[in-house]
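Peer 1: Just the structure for this:
(one chain, ligands or ions: 1)
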Amino acid sequence: MTDSGDLDAAWLPSAAFRAVGSRRSLVRAGDGPPAETVYAELADACERFGGRVVRDGGDGDAELVLEPAGDDLGDEGFALTRRGGTTTVTASGERGLLYGLFHVVRLGEDAFRGERAREVHRPALATRMLDHWDNVAVHPVMGQVERGYAGGSLFWADGRARGDLDRVRAYGRLLAACGINAVAVNNVNVHETEARLLTDRIGEVAAIADVLRPYGIRTHLSVTFAAPMVLGGLPTADPLDGAVRDWWAEATGRVYEAIGDFGGYVVKADSEGQPGPFAYGRSHADGANVLAAALEPYGGTVHWRAFVYDHRQDWRDRTTDRARAAYDHFTPLDGEFAPNAVLQVKHGPMDFQVREPVSPLIGAMPRTRLAVEVQATQEYTGQQRHVCWLGPMWSEVLRFRPDGGVSAGRLADGLVAVSNVGDDPFWTGHPLAQANLYTFGRLAWDPAADPHAVLDEWIALTHPGAPARLADGLHAVLDGSWSTYEKYTAPLGVGFMVQPGHHYGPSVDGYEYSPWGTYHFADRDGVGVDRSAATGTGYAAQYADPWAKVYESPETCPDELLLFFHHVPYGHVLHSGKTVIQHIYDTHFEGVAEVEEARRVWAGLADLVDPARHARVAERYEEQLRSAREWRDQINSYFLRKSGVPDERGRTIH
Ligand code: GCU
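Peer 2: Reported below is the predicted structural model:
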């Protein structure tokens, strides 16, 4: 990929390879696809920057050596050393060498200075996956990419896999450079056309897998639980039926004939209208295990989503609480899932709101493999028209300890994000949303990493040699952007005050009298959902201590989640010292002021950023500001009218 092509180079502009490309390198590796990539990357960089790369020679005068090591580093780990003028990357597997090379690229000149004692780098999480909610055929309501804000699909066009997969290749390269190793290529809502990717259209998936493989990425497919019926013509999809079991085994065997390293299936079952095991009186473990059994002989995995709740709830019914659903459905099944079944849990109990507590399911199923799912696509966080860097949010989730930090264990076995990428020339619609994708990959590799340090990496790679003024400016507009978005949209853990359907822009009561289980219960006296065990839905008691205690009482509940857990009067005083109503007014004025300031900072960077990129972001800031003002005015007016409490500072509220 060249910088002058019509596709943005994102975090791999050729200048990012200057340090490795101007060195003498030696690659000693096998000839599997990732090793070929390592060699090709270096050859390409050397051609640009005057270095030289050889394969399999003696050490000679090499300044950079990449070579196999014993098997102590795992499939993906690598070690880095620098001694006597030579930087050496060793890895047990070819993918480790690839990650090692991109690590050296990130270090730039630093990789070639001084001495470096042996550092070992291994991914903390085995699965680092992107789920694409892409449809092959354009869906009449959702379009081609469900909740997609970056154009059409990277993989599919005109009703089939793209013939030209260059863009997919460039994507695979970007993903490898931030450590992602799995991609699911179609929507979890599996419609008629997409169901057939599993069988007669598997060749199209294989073509995509061939392009991603050299970057160490395994391809996964979303499948419908009803496949034995809709594709196999069987009268049932009952997971305990022998013919159903055989059908899955046979279909899966054919998938592996086409894609030898196929990653496995992703399943959304009994959720928002998708078919599932409940129709047969079977459990979700029964459902997952029939697919797991089919995948097991080949080393594949089924990612079974825990997003199961009643989406046809009666809003008058105060006893049903959607937040409880995943825990209630799944914890009784702990220990029943096959070893190659991974329960994929959304990070919060609701649905990717700008602020939610961490799902109580995480940590409550010690005998089940779990993956945490986050949403890089900004469905509820500004739809890539607003700047909202989600690194700090994800980092908070990943640092959460269900037992309050008593054990040091990790939160999950995998991290999955709903992808924010499409065929937009900037990949993500909003060029600054690229930072979300990069940060996701790096946090999946190392969940303990400081997200701001990851942002430094992204800035340095994306803008090689950038002056401090640009780095400072990018930090200024990105660092606090999640908090800014939260301020002008959703106060204190209230969610879903969005326009129904497309979910963009404010509509305070848009979902208040709907069947979706998404309510704030604002009245003239107060606002919020009582989820305490004492007087509410009991959701708070799904946590282990100390969190169950912390969340149970408005006195101890953190301010930012107060209205998620409690219904309180407008005059309730927060830990911050403000009343709830004054907090609502203040944050909405502040949020808009912060967007105005970010827009100003961005305008001042015009001389340092590629003009097309600068213009795209500037244009989006206009919309963000318009929308933020709309949010401020609607939310403030709504709560002023409900509560009758004036703003202490007498600002304009309509
Ligand atoms: C959200 C989103 C849907 C999506 C669903 C899911 O509800 O709005 O478009 O299908 O999540 O995660 O399955």
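
Peer 1: Looking at the host helix or strand of Asn289 now, give me its mean pLDDT.
Peer 2: Assigned by DSSP states H and E, Asn289 belongs to helix 284-295. In this model, helix 284-295 has a mean pLDDT of 98.

Peer 1: packing partners for the helix or strand just after it?
Peer 2: Note on helix 284-295: by DSSP H and E, the next helix or strand toward the C-terminus is strand 301-305. Strand 301-305 makes packing contacts with strand 264-267, helix 284-295, strand 341-346 when contacts are defined by 3 or more CB pairs under 8 Å, 6 or more residues apart in numbering; DSSP states H and E. Every residue, glycine included, has its C-beta placed from N, CA and C.

Peer 1: Output the ones you listed as CSV; include the columns mean neighbour count and distance to the ligand.
Peer 2: Converted to CSV, the helices and strands packed on strand 301-305 look like this (neighbours: other CB atoms under 10 Å; distance: least, CB to the nearest ligand atom, whole Å):
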stretch, mean neighbour count, distance to the ligand
strand 264-267, 28, 10
helix 284-295, 24, 15
strand 341-346, 26, 7
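
Peer 1: would you list these in JSON lines and tack on distance to Val595?
Peer 2: Below are the helices and strands packed on strand 301-305 laid out as JSON lines (distance: least, CB to CB, whole Å):
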{"stretch": "strand 264-267", "distance to Val595": "36"}
{"stretch": "helix 284-295", "distance to Val595": "42"}
{"stretch": "strand 341-346", "distance to Val595": "28"}
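
Peer 1: how about the residues of the stretch 351-500 of the chain that lie near the ligand?
Peer 2: Residues of the stretch 351-500 of the chain lying near the ligand by CB under 6 Å from any ligand atom: 351, 379.

Peer 1: the helices in the stretch 1-150 of the chain, which residues?
Peer 2: Assigned by DSSP state H, counting those that start in this stretch, the stretch 1-150 of the chain shows helices spanning 18-21, 33-49, 94-107.

Peer 1: Give me the residues contacting the shortest one.
Peer 2: Counting contacts by CB atoms under 8 Å, 6 or more residues apart in numbering, the residues outside helix 18-21 that touch it are 42, 44-51, 64, 101, 104-105, 107-109, 111-112, 464.

Peer 1: give me that answer again for 6 Å
Peer 2: The contact list for helix 18-21, computed with CB atoms under 6 Å, 6 or more residues apart in numbering, reads 45-46, 48-49, 51, 104-105, 108-109.

Peer 1: Now do the end-to-end distance for stretch 417-430.
Peer 2: The first and final residues of stretch 417-430 sit 17 Å from each other (CA to CA, to the nearest Å).

Peer 1: As CSV, could you dump the C-alpha coordinates of stretch 477-497?
Peer 2: Provided in CSV are the C-alpha atoms of stretch 477-497 (Å, rounded to 0.1, in the frame of the first residue of the first chain):
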residue,chain,number,x,y,z
VAL,A,477,-9.1,16.1,21.2
LEU,A,478,-9.1,12.4,22.0
ASP,A,479,-8.1,11.8,25.6
GLY,A,480,-11.3,13.1,27.2
SER,A,481,-13.6,12.6,24.3
TRP,A,482,-15.5,9.6,25.9
SER,A,483,-16.1,11.7,29.0
THR,A,484,-17.2,14.6,26.8
TYR,A,485,-19.7,12.4,24.9
GLU,A,486,-21.1,11.1,28.2
LYS,A,487,-21.5,14.6,29.5
TYR,A,488,-23.7,15.9,26.7
THR,A,489,-25.7,12.7,26.3
ALA,A,490,-26.3,10.3,29.2
PRO,A,491,-26.2,11.5,32.8
LEU,A,492,-25.2,9.2,35.7
GLY,A,493,-25.7,5.9,33.9
VAL,A,494,-29.0,6.5,32.3
GLY,A,495,-29.0,5.0,28.8
PHE,A,496,-31.1,4.7,25.7
MET,A,497,-32.3,8.3,25.5
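
Peer 1: what kind of secondary structure is the residue nearest the centre of the chain in?
Peer 2: For the chain, Ala417 is the residue whose C-alpha lies nearest the centre (CA atoms, centre = their mean; 2.3 Å). Here Ala417 is recorded as strand under DSSP: H, G, I helix; E, B strand; the rest coil.
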